[in-house]
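Colleague: Show me how the following folds:
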Amino acid sequence: HWAGTPPAERAAALLRTADLLEARMQPLLGLLMREAGKSASNAVAEVREAVDFLRYYAAQVQSTFDNATHIPLGPVACISPWNFPLAIFMGQVAAALAAGNPVLAKPAEQTPLIAAEAVRLLWQAGVPRAAVQLLPGQGETVGARLIGDERVMGVMGVMFTGSTEVARILQRTVAGRLDAAGRPIPLIAETGGQNAMIVDSSALVEQVVGDAVSSAFDSAGQRCSALRVLCVQEEAADRVVEMLQGAMGEL
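Modeller: A predicted model of the protein is given here:
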């Protein structure tokens, strides 16, 4: 039924969900701070990012999709992380729903209440309950069975954000499976990285240090975009290192 829903109607449901998120900003902030340990400013940014995801995918489906040329994959498993339990969760789910796929959503075991509220808002906005279903629980049990159990071998796509180690396990699990047309099961995995900032001698040192400290240590560094390596031109290195040490000491 969801696959047959006109793209404009799917987009409208995502836009209504974005409006509901904004309307419920205050309780969502409290939930993000209590369950995920977010600071107030990071919680605000997270709700805004979730809203952006919903509106972005709604715009994509409105501008590029038609039911004659875009065929949904089928059931998609979305496995999201604890560090952005609303933004990444909603981004994965919204992308799959926009394309006409029903979703089996497995949030991180540390943050199921935020995911449950997100799903309630999707339902309230008009997404059918059968089109997005919440499967909370441990990754080793619920997540593993969701991908590998014979009863859910009909899952036609997997989206995952988390560790490289787990992504490789998922890759091995789906590698031997083919869809009805003989194609491999798509796996979209976003994992950690070694993120570098490159600084030359023309850079404003105060801005470099402020950005480096924010990127490396905000959220205690627990984000895939966190700065890991700072490469500084030799002519500017002494001043950057001195100021960076002072900023870290103050932090």
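Colleague: for stretch 188-204, the distance to its chain's centre please.
Modeller: 20 Å (C-alpha atoms, centre = their mean, to the nearest Å).
Colleague: residues near R16, how many?
Modeller: Look at R16: counted by other C-beta atoms under 10 Å, it has 18 neighbours. Any C-beta I mention is one placed from the backbone N, CA and C, and that applies to glycine too.
Colleague: and the least confident helix or strand in the chain by mean pLDDT, how far out from the chain's middle?
Modeller: Within the chain, no helix or strand scores below helix 144-148, which has a mean of 80 by mean pLDDT, DSSP states H and E. Computed by C-alpha atoms, centre = their mean, the chain-centroid distance of helix 144-148 equals 20 Å.
Colleague: Now do that helix: which elements does it pack against?
Modeller: strand 76-79, helix 164-175 (3 or more C-beta pairs under 8 Å, 6 or more residues apart in numbering; DSSP states H and E).
Colleague: which of the ones you listed sits most buried?
Modeller: The highest average neighbour count among those, using mean count of other C-beta atoms under 10 Å, belongs to strand 76-79 at a mean of 26.
Colleague: Need the contact partners of it.
Modeller: Residues outside strand 76-79 that contact it (C-beta atoms under 8 Å, 6 or more residues apart in numbering): 89, 92-93, 96, 101-106, 139, 143, 146-147, 152, 155-162, 170.
Colleague: could you flag which of the residues you listed are buried?
Modeller: Listed as buried from these are 89, 92-93, 96, 101-106, 139, 143, 146-147, 155-162, 170; burial here means 16 or more other C-beta atoms under 10 Å.
Colleague: Filter the residues you listed down to the ones in helices?
Modeller: Here DSSP state H is the test, and the buried ones among the contacts of strand 76-79 give 89, 92-93, 96, 146-147, 170 as lying in helices.
Colleague: Pull the contacting residues for the residue most central in space within the chain.
Modeller: The centroid of the chain falls nearest to I88 when counting by C-alpha atoms, centre = their mean (1.9 Å). Contacts were defined as C-beta under 8 Å, 6+ apart; by that measure I88 touches 80-81, 161.
Colleague: Also T64?
Modeller: H70.
Colleague: how about 10 Å then?
Modeller: 7, 70 (C-beta atoms under 10 Å, 6 or more residues apart in numbering).
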